[in-house]
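K.L.:
Coordinates for the following, if possible.
(one chain, ligands or ions: 1)
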Amino acid sequence: MESPTLTENRPYTVPPFAKECLEAAGEAWHAAHDHAFVQALADGSLDSDRFRFYQMQDARYLEAFADATSIISTRCTDPDDKLWFIEAAQMAVVVEQELHAGYGEELGYDADDVAQLELTPNNRAYQNHMIASAHTGSLVEAVAAITPCPWLYVDLGQQLEAEMGEVPESHPYAEWLEMYRDPAFNEYMDHLLERLHRFAVAADPAARERAKELFVLSVRYEWMFWDQSWTKQEWPV
Ligand SMILES: Cc1ncc(C[n+]2csc(CCO)c2C)c(N)n1
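P.N.:
Numbering: from 1, shown residues only. Predicted coordinates for the structure are as follows:
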């Protein structure tokens, strides 16, 4: 495999295997950026009920992201890799729960409400996908399944920044929009994508193919996460 290169317009390095994953996702990657929920969130027209639904489901999703990264840390042998995934788990819990605590007060829910929430079918499936990949996949598969989560949001944050410019203080979702355009995420992406690539180089070709499939599934689940919030998904029976 070639050495890491910078793809156009991304302020972090996208190594060859990460690029392959992105190419494998194809249209699904763009669809996840273009969903009606995202458009309404960006232009501020999203109703607070749908945003509340999203935030509450997302609080629970982030716990699973933290669990998946914690599990991955136990499977790393290199101490720097191990620490990085431990820190990623910690960050998912601490930083993002701060965001949720703020919105909880504003939107009228607390930690107990989040704990008692019934997960949607989509959320449950996405969580199980990440946790199962972390437990039973090879290291590259485990990491591939969690990569679209931060990558898609950071990509989206930067795309919206380019399109919208500065977020007006009066924007109802200013805090959310500011969060994912934070330049600190560039370093996070550098670290994550470098690991994804390095683990891919160390894996056999069949594991690399499976990793790409798991990456694509997570991109689809990201689209479905917006969609479940837009439709306020319920269990059909
Ligand atoms: C469904 C869903 N997908 C992605 C994110 C974004 N995200 C989750 S963890 C993480 C890394 C930093 O903690 C980022 C950017 C989200 N909130 N919810």
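K.L.:
contacts and neighbour counts: CA atoms only from here.
P.N.:
Fine.
K.L.:
what about the helix or strand harbouring residue 154, average pLDDT?
P.N.:
Using DSSP states H and E, residue 154 falls within helix 148-164. Averaged across helix 148-164, pLDDT comes to 96.
K.L.:
Does that helix reach the ligand?
P.N.:
Yes. Using CA under 6 Å from any ligand atom, helix 148-164 reaches the ligand at 149, 150, 153.
K.L.:
Now the element after that helix, going C-ward?
P.N.:
Sequence-wise, the next helix or strand downstream of helix 148-164 (DSSP H and E) is helix 174-180.
K.L.:
contacts for that following helix?
P.N.:
With CA atoms under 8 Å, 6 or more residues apart in numbering as the test, helix 174-180 has contacts from 42, 99, 153, 154, 156, 157, 158, 167, 168.
K.L.:
coming back round to it: could I get the buried residue list for the helix holding residue 154?
P.N.:
By 16 or more other CA atoms under 10 Å, the buried positions in helix 148-164 come out as 148-161.
K.L.:
CSV for the residues you listed, including distance to residue 103?
P.N.:
Converted to CSV, these look like this (distance: CA to CA, whole Å):
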residue, distance to residue 103
148, 24
149, 20
150, 20
151, 23
152, 22
153, 18
154, 20
155, 23
156, 20
157, 19
158, 22
159, 23
160, 21
161, 22
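K.L.:
closest to residue 114 among the residues you listed?
P.N.:
For the buried residues of helix 148-164, the residue nearest residue 114 by CA to CA is residue 149; the value is 20.2 Å.
K.L.:
ok, that closest one - contacts?
P.N.:
With contacts defined as CA under 8 Å, 6+ apart, residue 149 is in contact with 218, 219, 222.
K.L.:
So which of these wins on neighbours?
P.N.:
residue 219 (29 neighbours; other CA atoms under 10 Å).
K.L.:
My read is that that one contacts residue 27, right?
P.N.:
No. Taking contacts as CA atoms under 8 Å, residue 219 lies outside contact range of residue 27: 9.9 Å.
K.L.:
The helix or strand harbouring residue 41: which residues count as buried?
P.N.:
Per DSSP H and E, residue 41 falls inside helix 36-43. Residues of helix 36-43 classed as buried by neighbour count (16+ other CA under 10 Å): 37, 38, 41, 42.
K.L.:
cool, stretch 133-147 as well?
P.N.:
Judged by neighbour count using 16+ other CA under 10 Å, the buried positions of stretch 133-147 are 133-135, 137-147.
K.L.:
Check those and tell me the two furthest apart.
P.N.:
Largest pairwise distance in those, by CA to CA, is 15.6 Å, between 135 and 147.
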